[in-house]
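In: give me a 3D structure for the following:
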Amino acid sequence: MVDVGDKTSTHRVAVAAGRICMRPETLQLIVSGNAKKGDVLGVARVAAIQGAKRTAELIPLCHPLALTRIAIDFDVDQAGNAVECRAQVETHGPTGVEMEALTAVQVGLLTIYDMCKAVDRAMVISNVRLLEKQGGKSGSYVAGS
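Out: Presented below is the predicted three-dimensional model:
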């Protein structure tokens, strides 16, 4: 693990996103709330939050962080038969929260897959990426700029 003991504590923010594509019927089950396992997006939101909180347990060299904010949003793309997950994670500390945001997105999307796999095993998780990060010595990053 990298020594962050001498680094300045600053407000750190990371935003990540990804999507899961599926058959139109699967998306309808999610939107209508009629999936056999229950409220897919509600459960996926809680799972994504848990994923962010447990990142240090999953990624061997990540520092355990005291997260101050986790926001998970899902956007249903009817035309593309997909759900986009977006995670914003914040802390005040000596190291960033990019891994926590990326883990939140992955766990949220995996939960959607798990809850719908009985009706659609061909779902595809893709385009998981860091959109933005703020804080720390390296400054800000915004994808595409």
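
In: so the residue of the chain most remote from its centre is in which element?
Out: Centroid-distance maximum for the chain: Asp6 at 28.9 Å, with C-alpha atoms, centre = their mean. In the assignment (DSSP states H and E), Asp6 maps to no helix and no strand.

In: packing partners for the longest helix seen in the chain?
Out: Ranked by residue count and defined by DSSP state H, the top helix of the chain is helix 98-116. In terms of contacts (3 or more C-beta pairs under 8 Å, 6 or more residues apart in numbering; DSSP states H and E), helix 98-116 is packed against strand 10-21, helix 24-32, helix 40-53, helix 55-58, strand 67-77, strand 82-93, strand 124-134. No exception for glycine: its C-beta is placed from N, CA and C like everyone else's.

In: and the spatially most central residue of the chain, what does it touch?
Out: Central residue of the chain (C-alpha atoms, centre = their mean): Val105, 1.7 Å from the mean position. When contacts are counted by C-beta atoms under 8 Å, 6 or more residues apart in numbering, Val105 is found next to 16-18, 48, 85-87, 128.

In: could you redo the last one with a cut-off of 10 Å?
Out: Val105 makes contact with 15-19, 48, 51-52, 72, 84-87, 89, 125, 127-131, according to C-beta atoms under 10 Å, 6 or more residues apart in numbering.

In: count the residues that sit near the spatially closest residue to Gln78 that is not a sequence neighbour.
Out: Leaving aside its sequence neighbours, Gln78 sits nearest to Leu27 (C-beta to C-beta, 6 or more residues apart in numbering; 7.0 Å). Look at Leu27: counted by other C-beta atoms under 10 Å, it has 22 neighbours.

In: could you do Leu58 as well?
Out: Neighbours of Leu58 (other C-beta under 10 Å): 12.

In: from Gln88, how far out is the closest residue to it other than its chain neighbours?
Out: Closest residue to Leu58 apart from its sequence neighbours, by C-beta to C-beta, 6+ apart: Thr103 at 6.4 Å. Distance, Thr103 to Gln88, by C-beta to C-beta, to the nearest Å: 13 Å.

In: equivalent analysis for Val2, please.
Out: In terms of C-beta to C-beta, Val2 sits 24 Å off from Gln88.

In: likewise for Phe74?
Out: Distance from Phe74 to Gln88, by C-beta to C-beta: 13 Å.
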